[in-house]
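Asker: Mind looking at a prediction? Sequence and model below.
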Amino acid sequence: MAAIARPEPLADAGLHFGFGCADVDVRLGGGLVPAALHEVFAAGEGDEPAAAGFALLLALRGARPGPVIWLREDKARMNGRPYGLGLADLGFDPARLLLVQAPDTLAVLRAGADAVACAAVATVIIEPWGKATALDLTATRRLALAAARSGVTTLLLRTGDPPPSAASSRWQVAAATSAALLANAPGMPAFDVTLLRHRGGIAGFSTRLEWDRDRRAFGTALPGVAPAVAAQRTRAPRASPARRRVA
C-alpha cells in the first residue's frame, strides 16, 4: 500500500476535532488535525454514497463555523447527490453546503485550491471521478500546504487503489447495516470504517460507527475497535444512479 508523504509546514498538532467516540478519539490522540488534508476512500463500488456521507459528517464534527464547499467532477453525479431533507435529518444544516460541479479533474482541483485558500471556509470536500490521475502526490501536497496555511479542513473523496499522497490521514468507508431501534424503527446511519494510514504513525484500525444525530457525534456500534484488516473488497455492481442519494 502506498505511503503518505510528509508535507511542511505541519498544522498545529495540538488542535484536533474528534469523532465524539472515545474509542476512536483516544486512538487518534484526540481526533483529526483540522488544518490538514484527509482522504476518504469508498471501500468498493456502491460505497461511494457512504463515503460521501461520512465526509459530510466529518465536516459537521469540525469545530470551525462557516460554509462547507463540495466540489465535484460532473461525472460524480452518478454517485448520487446531497438531499436537503436527508442532510437535515443527520443534523447538518443544508444552508451551510455549497455544491459546485466542474467538467473535469483539473477544473475540480483548480477550484479546490482556491476554496482551500479561503480562511472563511470551514471545510472543502473535493470529489474527482474515477482514478483521477491528475490528483497525484504533487497535487495532494499543494492541497495539504494550502490547508495548513488557511486552517481549512480539506477532505478528498476518492475511489480505487490508494496512490501516494500527502494526506494527514487516509480512511476507507463502506456502508453498514444499521441496528434496528425499538418497534423495529430504522436505526442510526452506520459505516464500516478503516484507518488505512496516518501521518503521525498511528496504527490502523477498523470499527463500525453509528451516527447519533441528537449528539451530532459518532459512536461505536460494537464495543471497542478491531485491528486493521486487509482493505480489499469484492466490488459489487453499481446501483442505478436514479436510486442513489448521499443522505
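Answerer: Looks like it arrived, so ask away.

Asker: element containing the residue most central in space within the chain?
Answerer: Nearest to the mean C-alpha position of the chain, counting by C-alpha atoms, centre = their mean, stands residue 55 at 3.0 Å. Element membership for residue 55 (DSSP states H and E) is helix 48-61.

Asker: Quick check: next helix or strand after that helix?
Answerer: Using DSSP H and E, the helix or strand that follows helix 48-61 in sequence is strand 68-73.

Asker: That next one pairs with which strands, parallel or anti?
Answerer: Strand 68-73 pairs in its sheet with strand 97-102 (parallel), strand 123-127 (parallel), by DSSP bridges.

Asker: and among those, the most buried is which?
Answerer: Here the criterion is mean neighbour count by mean count of other C-beta atoms under 10 Å, and of the strands paired with strand 68-73 the winner is strand 123-127, at a mean of 28. Using the backbone N, CA and C atoms, a C-beta is placed for each residue, glycine as well.

Asker: so that strand versus helix 48-61, what angle?
Answerer: Going by axes from the mean of the first three to the mean of the last three C-alpha atoms, to 10 degrees, strand 123-127 is angled at 170 degrees with respect to helix 48-61.

Asker: I'd like the mean pLDDT over strand 123-127, please.
Answerer: Computed over strand 123-127, the mean pLDDT rounds to 98.

Asker: repeat for stretch 80-88
Answerer: Per-residue pLDDT values over stretch 80-88 give a mean of 91.

Asker: Stretch 107-119 now?
Answerer: Predicted confidence along stretch 107-119 averages 97 (mean pLDDT).

Asker: again with stretch 188-202
Answerer: The predicted model assigns stretch 188-202 a mean pLDDT of 95.

Asker: Enumerate the positions of that stretch that are buried.
Answerer: Neighbour counts over stretch 188-202 (16 or more other C-beta atoms under 10 Å) mark 188-199 as buried.

Asker: Hmm, residue 89 is touching residue 211, no?
Answerer: No. Counting by C-beta atoms under 8 Å, no contact exists between residue 89 and residue 211, whose distance comes to 10.4 Å.
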